[in-house]
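1. Turn this into a structure:
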Amino acid sequence: MNIILKSAAAFIVSATTLLADPAGVRELNIDAPHHGRALTGAIYYPTSGGGSVQTYAENPVFVGVPVLKDAEMASGKYPLVLLSHGMGGHIRSLGWLSTGLAERGAIVVAMNHPNSTWRDFDLGAGLKHWTRTQDLKLALDTILADPEMNAAIDPGRIMAAGFSYGGWTALSLGGMRGNHAAYISHCNEHGAKSSHCGDLMRGNVGLQDVSPTEWDSDYSDPRISSVFAVDPGLIWGMRDEETSKLVRSISLVSLGEDESRLLATDFDLAELPAVIPQADVISIVPAAHFSMLPVCKPHGAAILEEEDDDPVCTDPVGTDRVAVHETIIAAVASKLGL
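-> I've put the predicted structure just below:
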């Protein structure tokens, strides 16, 4: 099913949403033997009171969101979302999504992926995409081993969700396998026009140095019942062989159209929907890849320009980033039955 959403028109806020209590947030620190160090992350959840009111993910560029730090969890049985950030991102980058889903009745677990996180970045080591699935599997094991959390999670509604490189992580957890040779061909054909390939070229990092066997292996988790992937990366050259074991419930979301579409994550150009016929395909326009990041403050774009940073606050004309976010929150919530 293909759905094209004009983001401003899709921005519908219900009375329930407006009256929802802020999400609860608890920090997570998990020993990760596969990295030789600890993982950091957070759990976001519906609350029943208590906790300290804080503004989460606020900085000079981005607008934060209200949360209740260490609040009590509301009683009930909730779907669980394992959320994966993009290359060079952070759990705070998707804080609006984590908290928005928790306010609607989901538990969200997000981890900072070593070697591909803001201020913890190694382009070569980060190419080992399978370590990201290990991060979230370990987080899921840890959460389910906690009696309070286990009692609050509906085991039949565990979703893997992600953005950009995290979109690939979500698809991988849901059963998609990589195609190392095809991705090398993609980079050879498009070079720096495909942003990830360009980063590898500038960093003198070779895809050929990554193990094809490990790249192409199966990293699925049988506990995953659905996948929600926004502008997923590494999707070039997918065939039936790579997608045949995917879970049935898949959502693919693209941000933007034409020149505002990011080549590296353009799954339509990569013909990904053709080999995932069960997927719901949602196109949000106007928007761009970085419309997925938090809402920017009035002087955010100027700060980034002064620091010679990526123009992640600059959206296509007519884009309402708040509306884009609300559209995505609503789509995920719908998939979870919320």
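2. contacts for the helix or strand Ala301 falls within?
-> Secondary structure from DSSP states H and E places Ala301 in helix 300-306. With Cβ atoms under 8 Å, 6 or more residues apart in numbering as the test, helix 300-306 has contacts from 60-62, 310-314. For the C-beta atoms, the positions are set from N, CA and C on the backbone; glycine is no exception.
3. Go through those and single out the one with the most neighbours.
-> Cys313 (24 neighbours; other Cβ atoms under 10 Å).
4. name the element it belongs to?
-> Using DSSP H and E, no helix or strand contains Cys313.
5. got the contact list for it?
-> 61, 290, 293, 296, 300-301, 304.
6. what's the spacing between the helix holding Ala301 and its chain's center?
-> 24 Å (Cα atoms, centre = their mean, to the nearest Å).
7. repeat for stretch 114-129
-> Distance, centroid of stretch 114-129 to centroid of chain: 15 Å (Cα atoms, centre = their mean).
8. so what does the helix or strand following the helix holding Ala301 touch, helix or strand wise?
-> Beyond helix 300-306 on the C-terminal side, the first helix or strand identified by DSSP H and E is helix 321-335. Where contact means 3 or more Cβ pairs under 8 Å, 6 or more residues apart in numbering; DSSP states H and E, helix 321-335 is packed against helix 7-10, helix 95-103, strand 153-163, strand 226-230, strand 249-255, strand 280-285.
9. Give me the contact list for the second one.
-> Think helix 95-103. Taking Cβ under 8 Å, 6+ apart as the rule, helix 95-103 contacts 17, 20-25, 42, 44-46, 56-57, 64-65, 67, 81, 83, 91, 108, 110, 161, 294-295, 325-326, 328-329, 332-333, 336, 338.
10. what distance separates it from the centre of its chain?
-> 12 Å.
11. Tell me the buried residues in the following helix or strand past it?
-> Helices and strands here follow DSSP H and E; after helix 95-103, the next one along the chain is strand 107-111. By 16 or more other Cβ atoms under 10 Å, the buried positions in strand 107-111 come out as 107-111.
12. List of residues touching strand 107-111?
-> 28, 30, 39-46, 78-85, 91, 94, 97-98, 101-102, 135-136, 139-140, 143, 149, 152-153.
13. related to what we said a few turns ago, can you list the contacts of Cys313 in CSV and add distance to Gly167?
-> Putting the contacts of Cys313 into CSV (distance: Cβ to Cβ, whole Å) gives the following:
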residue, distance to Gly167
Val61, 23
Phe290, 14
Leu293, 14
Cys296, 22
Gly300, 24
Ala301, 25
Leu304, 23
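14. partners of Ser24 in the sheet?
-> Residue 24: Gly, not Ser. Note on Gly24: beta-bridge partners by DSSP bridges are Tyr45, Leu68.
15. distance of it from Val67?
-> Distance from Gly24 to Val67, counting by Cβ to Cβ, to the nearest Å: 7 Å.
16. Contact partners for the most far-flung residue of the chain relative to its centre?
-> In the chain, the greatest distance from the average C-alpha position (Cα atoms, centre = their mean) is reached by Gly50, at 28.8 Å. Counting by Cβ under 8 Å, 6+ apart, Gly50 touches 68, 70-72.
17. Could you tell me which other helices and strands whichever strand or helix holds Arg26 packs against?
-> Per DSSP H and E: Arg26 is located in strand 23-32. Helices and strands touching strand 23-32, by 3+ Cβ pairs under 8 Å, 6+ apart, are strand 37-45, strand 65-69, helix 95-103, strand 107-111, helix 130-145.
18. Only alpha carbons, please: show the last one as PDB.
-> Right, the one you point to is helix 130-145. This file holds the C-alpha atoms of helix 130-145, laid out as PDB (Å, rounded to 0.1, in the frame of the first residue of the first chain):
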ATOM      1  CA  TRP A 130      25.400  -6.000  12.900                       C
ATOM      2  CA  THR A 131      26.800  -4.700  16.200                       C
ATOM      3  CA  ARG A 132      23.700  -2.300  16.300                       C
ATOM      4  CA  THR A 133      21.400  -5.300  16.200                       C
ATOM      5  CA  GLN A 134      23.400  -6.800  19.000                       C
ATOM      6  CA  ASP A 135      22.900  -3.600  21.000                       C
ATOM      7  CA  LEU A 136      19.200  -3.800  20.800                       C
ATOM      8  CA  LYS A 137      18.900  -7.500  21.300                       C
ATOM      9  CA  LEU A 138      21.000  -7.000  24.500                       C
ATOM     10  CA  ALA A 139      18.700  -4.200  25.600                       C
ATOM     11  CA  LEU A 140      15.600  -6.300  25.000                       C
ATOM     12  CA  ASP A 141      17.100  -9.200  27.000                       C
ATOM     13  CA  THR A 142      17.900  -6.800  29.800                       C
ATOM     14  CA  ILE A 143      14.400  -5.200  29.800                       C
ATOM     15  CA  LEU A 144      12.600  -8.500  29.700                       C
ATOM     16  CA  ALA A 145      14.800  -9.800  32.600                       C
END
